[in-house]
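In: could you look at this predicted model? Sequence included:
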Amino acid sequence: MATTIQPQAEAKPATALSNEEILRYSRHLIMPEVGMEGQLKLKNAKVLLIGTGGLGAPLGLYLAAAGVGRLGLVDFDVVDFTNLQRQVTFGTSDVGKYKSEAARIRLSNLNPDIHIDSFETQLTSANALELFKDFDIIVDGTDNFPTRYLVNDACILLGKPNVYGSIFRFEGQATVFGMPDGPCYRCLYPEPPPPGLVPSCAEGGVLGVLPGIVGSIQAMETIKLILGRGDNLVGRLLLFDALAMKFRELKLRKNPNCPMCGPHRTIHQLIDYYEFCGVRGEEAPEPNVQVPEMTPRELKSRLDRGDDLFILDVREPHEYQICNLKGALIPLGELPRRVHELDSSREIVAHCRSGKRSAEAVDFLRKAGFRKIHNLKGGILAWSDEVDPSVPKY
Amino acid sequence: MAVKIMIPTPLRVFTGKRDSAEFSAATVGEALGNLTTEFGELRKHLYTDDGKLRAFVNVYLNDEDIRYLAKENTPTKDGDTISIVPSIAGGSAGNAN
Ligand SMILES: [Zn+2]
């Protein structure tokens, strides 16, 4: 449960491997590209993983197995059942445990010769520099824009490489930022997308193998950086489309006007990244708009009373197949062109999974002149919690 | 001159799930203009209200960022590929809402 970095156990770099280590790493040692010299570099390397989820799983497993001597694991999240589809570090018995600690135990079992610290803390502007300073390489496996910019800026301020990977559904990106003369994340993406223009919530989800592939690419790049071998992804953005099974590569240039890594740097310290990204965190529960709401219990008693209510489900058809409240299905994205299918004289209750998309739908319909319309508070998740637990949550 | 535009996953919801589209165009800007004419909902994701390409949208002609070419005036030739590269933040999985 360490939340501060302990002084290192061994201050001096290792200069030899034990016989057990020689046996364990023999398939590295017999490769001239690694050899004894490379294996000692791995043993003396210190790598910090930001996030132990989808990308962090293969990263942690491969870096620990490869003998990276010191690993730091930063994650404040707790393992839940929906993680197990892709976060292969964890087993069913880990559900409910802190991810960083569960990962530490798993990786220690994989390789007891390495030193692993778990940090059950959210990476913030207040702790990032302190956390990063004892490590050589930072690997970004986070899942939100504020942390992406924070990791980038902290790496540039400290002059540390940032091995970057990100995924979306069945598409991934990977590169290495923060090398001398190489570009940084802000060179590629000077500004975060405004929250309203982030791809629709309905488009969430990820193919479980995808983070395995992209995280493995990050692990490979990390090991190459440590070994000083091969051509790494500095200045190249690797794009991977798992559906098409295609890798493509784009040139990344250092932006001479970059506010972070350019010659005329205007950012000299870490900032408030949530404000910068215009969000209050990925898990912000508040909908963007204020609309009239109905609680699941209220809806249940109105339906039991036989009131004439029109239930509008604004989720996607594949979600309707998982579970539904027998509402009429019009996905949020289709609402503008299908609005004529709705009768504004009837009382309408709109719902989605959590209440966020349906809040947008209610806001849209109110602007279109609908007056008798409510948002089901908390969506189908709250319905399952408060009214009918036989409805599965997803 | 036929130019292929690669549509990234997050924007395919606006292109009827199409992952690429071909247009004849003499510049990158013209090709993107044709794209957003065919798929109207895409426009506000690529352009600001005053018609400027959004800062978080990266556009590449083949493997070069058009910011380091002639931006939207970059000329295209037959067989070129234009890629729209959006920022994606995921490390794990976006939840549905
Ligand atoms: Zn930069």
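Out: Received the coordinates, thanks. Values in this document were obtained by computation on a predicted structure and should not be read as measured data.
In: residue boundaries of the helices in chain B?
Out: Counting by DSSP state H, chain B has helices at residues B:28-38, B:43-46.
In: weakest of those helices by average pLDDT?
Out: Looking over the helices of chain B, mean pLDDT reaches its minimum on helix B:43-46, with a mean of 88.
In: so for it, what gets flagged as buried?
Out: Buried residues in helix B:43-46, counted by 16 or more other Cβ atoms under 10 Å in any protein chain shown: B:45-46. For glycine as for every other residue, the C-beta is placed from the backbone atoms N, C-alpha and C.
In: quick one: contacts of it?
Out: Contact with helix B:43-46 is made by A:197, B:11, B:14, B:32, B:36, B:53-54, B:57, B:84, as judged by Cβ atoms under 8 Å, 6 or more residues apart in numbering or on different chains.
In: right, is stretch A:181-189 up against chain B?
Out: Yes: using Cβ under 8 Å from any Cβ of the partner chain, stretch A:181-189 comes into contact with chain B via A:188-189.
In: only C-alpha atoms, please: export that stretch in PDB.
Out: This file holds the C-alpha atoms of stretch A:181-189, laid out as PDB (Å, rounded to 0.1, in the frame of the first residue of the first chain):
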ATOM      1  CA  ASP A 181      14.700  15.900 -30.300                       C
ATOM      2  CA  GLY A 182      11.500  13.800 -30.600                       C
ATOM      3  CA  PRO A 183       8.000  15.100 -30.500                       C
ATOM      4  CA  CYS A 184       5.700  15.100 -27.500                       C
ATOM      5  CA  TYR A 185       2.000  14.400 -27.100                       C
ATOM      6  CA  ARG A 186       1.200  18.100 -27.400                       C
ATOM      7  CA  CYS A 187       3.100  18.200 -30.800                       C
ATOM      8  CA  LEU A 188       0.600  15.600 -32.100                       C
ATOM      9  CA  TYR A 189      -2.500  16.800 -30.200                       C
END
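In: can it be said to contact the ion?
Out: Yes: using Cβ under 5 Å from the ion, stretch A:181-189 reaches the ion at A:184, A:186-187.
In: the residues you listed in helices, which ones?
Out: Members of the residues of stretch A:181-189 next to the ion lying in helices (criterion: DSSP H): A:186-187.
In: between the residues of stretch A:181-189 next to the ion, which is closest to chain B?
Out: Proximity of these to chain B (Cβ to the nearest Cβ) peaks at A:C187, which lies at 9.5 Å.
In: tell me how many other residues surround that closest one.
Out: A:C187 has 24 neighbouring residues, counting by other Cβ atoms under 10 Å in any protein chain shown.
In: equivalent analysis for A:L110, please.
Out: 15.
In: contacts for stretch A:262-269?
Out: Here stretch A:262-269 makes contact (Cβ under 8 Å, 6+ apart) with A:153, A:157, A:254-260.
In: which of the residues you listed lies closest to B:S20?
Out: For the contacts of stretch A:262-269, the closest approach to B:S20 (Cβ to Cβ) belongs to A:N255, at 27.6 Å.
In: does that closest one count as helix, strand or coil?
Out: coil (DSSP: H, G, I helix; E, B strand; the rest coil).
In: how about the nearest residue to it once chain neighbours are set aside, what does it touch?
Out: Leaving aside its chain neighbours, A:N255 sits nearest to A:C187 (4.0 Å; criterion: Cβ to Cβ, 6 or more residues apart in numbering or on different chains). Contacts for A:C187 (Cβ under 8 Å, 6+ apart) come out as A:252-255, A:258, A:261.
In: quick one: A:C187 and A:L225, what's the gap?
Out: As judged by Cβ to Cβ, to the nearest Å, A:C187 and A:L225 stand 19 Å apart.
In: likewise for A:L110?
Out: Distance, A:L110 to A:L225, by Cβ to Cβ: 21 Å.
In: tell me which residue is most central in chain B.
Out: Against the mean C-alpha coordinate of chain B, by Cα atoms, centre = their mean, the closest residue is B:I84 at 3.7 Å.
In: related to what we said a few turns ago, any chance of TSV for the contacts of helix B:43-46, columns distance to A:V163?
Out: Shown next, in TSV, are the contacts of helix B:43-46 (distance: Cβ to Cβ, whole Å):
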residue	distance to A:V163
A:L197	27
B:L11	26
B:F14	32
B:L32	32
B:T36	35
B:L53	29
B:R54	27
B:V57	24
B:I84	25
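In: centre of the chain to stretch A:325-334, how far?
Out: 28 Å (Cα atoms, centre = their mean, to the nearest Å).
In: before we move on, the earlier item: so can I have CSV of the helices of chain B showing distance to the ion?
Out: Shown next, in CSV, are the helices of chain B (distance: least, Cβ to the ion, whole Å):
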stretch, distance to the ion
helix B:28-38, 23
helix B:43-46, 23
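In: buried deepest among those helices, which one?
Out: helix B:28-38 (a mean of 19; mean count of other Cβ atoms under 10 Å in any protein chain shown).
In: show me what it is packed up against.
Out: strand B:2-6, strand B:20-24, helix B:43-46, strand B:57-61, strand B:81-86 (3 or more Cβ pairs under 8 Å, 6 or more residues apart in numbering or on different chains; DSSP states H and E).
In: rank these by pLDDT, which is bottom?
Out: Among the helices and strands packed on helix B:28-38, helix B:43-46 carries the lowest mean pLDDT, a mean of 88.
In: lowest average confidence, helix or strand, in chain A?
Out: Using mean pLDDT, DSSP states H and E, the weakest-scoring helix or strand in chain A turns out to be helix A:273-277, at a mean of 89.
In: can you confirm whether that one lies near chain B?
Out: No: using Cβ under 8 Å from any Cβ, helix A:273-277 stays clear of chain B, with a minimum separation of 9.2 Å.
In: which other residues reach that helix?
Out: By Cβ under 8 Å, 6+ apart, helix A:273-277 touches A:125, A:145-147, A:149-150, A:192, A:195, A:280-281.
In: please enumerate the strands of the stretch 51-200 of chain A.
Out: Along the stretch 51-200 of chain A, the stretches classed as strands by DSSP state E, counting those that start in this stretch are A:70-74, A:115-119, A:137-140, A:162-168, A:171-177.
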